[in-house]
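**Student:** Got a predicted model here, sequence first, then my questions.
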Amino acid sequence: PTEDQGVIFGILNSASNAPADPPHLYGKAAEEALLSTPERDLTFQILFPPSAGAALGADGFSGMVVKPWSQRKRTTLEILPQVQAKLSAVPGFQAFAATPSALPGGSNFPVEFIIASTADADHLLEFAQKISMKAAESGMFYFPPQIDLKIDQPQSEVVIDREKVAALGLNLTQVGADLASALGGNYVNRFNIAGRSYKVIPQLKRGDRLNPDQIKDVYVTGPNGQLVPLSTVATIRNKVVPRSLNRFQQLNAVKLSGMTNRTLDQALKVLEDTAHEILPPGYVIDYTGESRQLRQEGNKFVPAFMLAIVLIFLALAVQFNSFRDPLVILAGSVPLAMFGALVFTSLKMPNPNMPFWTNGWTTTLNIYAQVGLVTLVGLIAKNGILIVEFANKLQEEGKSKFVAVQEASMTRLRPVLMTSVATIAGHFPLTLVTGAGAAARNSIGLVLVGGMTIGTIFTLFVLPSVYILLAKDHSHDRARARAAVPDVAVEPSFAN
């Protein structure tokens, strides 16, 4: 489940052609937005250069550590919308607030959805934008899922007219070398001053290379050492290219990242359904980070639950030397306990920031709740074992099936209640936990306490009915046992 870890991150993105200085101004504005939050304890910020930002998918990170639980009334999920609103009001850059993942995954957002294909970047971006728009319309995301493929990087190319170069007697190699020296910033040699060696890095002044049109004013070496303006033999071609071309599984890929106000599974289903409607053949979907963990490992609950049922059934079959008695025990107790536990997950409101009367005692069907459901199978089966075992013994003593299960239910009522109350009392403190890690402990506590409480109450009434319908009638065994024992006449003996 989503935990309150006391930290809120802000992922910063600036314009593709932004110079190095403005990000510091944007970072200062983001820091002031975080400092104005009442629950703020301290803030931090890291800004990347443009080259690193293109590789990491963000131009910087900003965030804050909130005060301890005892010094604040709101959780980080309640603070998050306010922080996002403040960051969105800062002009000049994009900022997205997020909370860290409950499971370590090394990703910025919990929702990370990948579209991969052999198609070019333009087609990938077109489909990604449609899916992002549909996801925003669903209302399940704090902001429209962000697309890591950004085709907004201005690029200028120097196109040299080879015919003019030949007509003027210029050397094409020399023209390229002059441009590299003026703009490249490459190391050429060293020189000594006062016994110290310094690198020689030729380059035009910054004021002479602020925009592409100034490149036309550069002079290149012509015939007999004469200088020829570059604009004589070259033109500038401007276009827009992607900031970075990403790959996934050796395919061209685009990633959609976002924060959801529902469960992660619900958010991914929205993206999956939309992708199946929009994407043509030849496109595949995949996941990274926490989303990949959920899709690869989150579907193991049903196999694990069925394995627990089979193992308990086989163990009971060995204990009772019968396949019918284990079926009575499991059919008369496990479904009722599952119903009682799932009540506390089905009444959970999807939006955690929406006030509702069930928020204090409900949870989501997360990994901790799933572990509780598997554990609940073994705990609730114990009640059925106590009743069925004693009823079988009463049948062996000569009582009918109805009378035997009736007396067994009444006689075993006290042991059933004692063990159930002890189990409920042992797990009930988990439902009252607050603070760090409370969501995980609340989940397993609510499932076990709710399932044992409701399951025990209904088991006392339903299991005897299932026993009468499915259990074996041992009266036939008693009849066969009596028939197998021959009647032996006993002659009286007289004392002399």
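**Tutor:** Yep, it's here.
**Student:** list the contacts for Leu12?
**Tutor:** Residues near Leu12 by CB atoms under 8 Å, 6 or more residues apart in numbering: 23, 26-27, 30, 47, 58-62, 93-95. C-betas here are computed from N, CA, C, even on glycine.
**Student:** That one bridge partners, please.
**Tutor:** Beta-bridge pairing for Leu12 (DSSP bridges): Gly60, Ala95.
**Student:** Equivalent analysis for Arg247, please.
**Tutor:** Where Arg247 sits in a bridge, its partners, by DSSP bridges, are Asn252.
**Student:** Run a quick check on it versus Ala253, I expect a contact.
**Tutor:** Yes: under the criterion of CB atoms under 8 Å, Arg247 makes contact with Ala253 at 6.0 Å.
**Student:** So for the two, which sits in the more crowded spot?
**Tutor:** Ala253 (22 against 9; other CB atoms under 10 Å).
**Student:** And that one, how close does it get to Gln129?
**Tutor:** 15 Å (CB to CB, to the nearest Å).
**Student:** same check, this time on Ser88
**Tutor:** Taken as CB to CB, the span from Ser88 to Gln129 is 20 Å.
**Student:** and what of Ala58?
**Tutor:** Using CB to CB, one gets 19 Å for the distance from Ala58 to Gln129.
**Student:** again, but for Val405
**Tutor:** Per CB to CB, Val405 is found 65 Å from Gln129.
**Student:** Settle it for me: which of the two has more neighbours?
**Tutor:** More neighbours surround Val405 than the other of Val405 and Gln129, with 26 against 15 (other CB under 10 Å).
**Student:** The more buried one touches Leu469, doesn't it?
**Tutor:** No: using CB under 8 Å, Val405 is not in contact with Leu469, being 10.7 Å away.
**Student:** Read off the pLDDT value for the closest residue to Lys348 other than its chain neighbours.
**Tutor:** Nearest residue to Lys348 in three dimensions, chain neighbours excluded: Thr362, at 4.0 Å (CB to CB, 6 or more residues apart in numbering). Thr362 is assigned 83 on the pLDDT scale.
**Student:** How about the contacts made by Thr362?
**Tutor:** Here Thr362 is in contact with Phe344, Thr345, Leu347, Lys348, Met349, Leu446 (criterion: CB under 8 Å, 6+ apart).
**Student:** could you redo the last one with a cut-off of 10 Å?
**Tutor:** Contact partners of Thr362, counting by CB atoms under 10 Å, 6 or more residues apart in numbering, are Val343, Phe344, Thr345, Ser346, Leu347, Lys348, Met349, Phe356, Asn442, Ser443, Leu446, Gly450.
**Student:** Specify which member of these is nearest to Pro212.
**Tutor:** Nearest to Pro212 among the contacts of Thr362: Met349, at 54.4 Å, using CB to CB.
**Student:** Tell me where the stretch 201-350 of the chain has strands.
**Tutor:** 219-221, 227-229, 234-241, 247-248, 251-258, 284-287 (DSSP state E, counting those that start in this stretch).
**Student:** deepest of those, which one?
**Tutor:** The highest average neighbour count among the strands of the stretch 201-350 of the chain, using mean count of other CB atoms under 10 Å, belongs to strand 251-258 at a mean of 22.
**Student:** What is the neighbour count of Pro202?
**Tutor:** Pro202: 14 surrounding residues under other CB under 10 Å.
**Student:** wouldn't it be in contact with Asn186 here?
**Tutor:** Yes: shown here, Pro202 and Asn186 form a contact pair, counting by CB atoms under 10 Å, at 8.0 Å.
**Student:** Tell me the secondary structure at the closest residue to Val433 other than its chain neighbours.
**Tutor:** Closest residue in space to Val433, ignoring its immediate chain neighbours: Arg441 at 4.7 Å, by CB to CB, 6+ apart. Per DSSP: H, G, I helix; E, B strand; the rest coil, the local secondary structure of Arg441 is helix.
**Student:** Any idea how many residues pack against Arg441?
**Tutor:** 19.
**Student:** mind listing what it touches?
**Tutor:** Pro1, Tyr368, His427, Pro429, Leu430, Thr431, Leu432, Val433, Thr434, Gly435.
**Student:** Alright, I will stop here.
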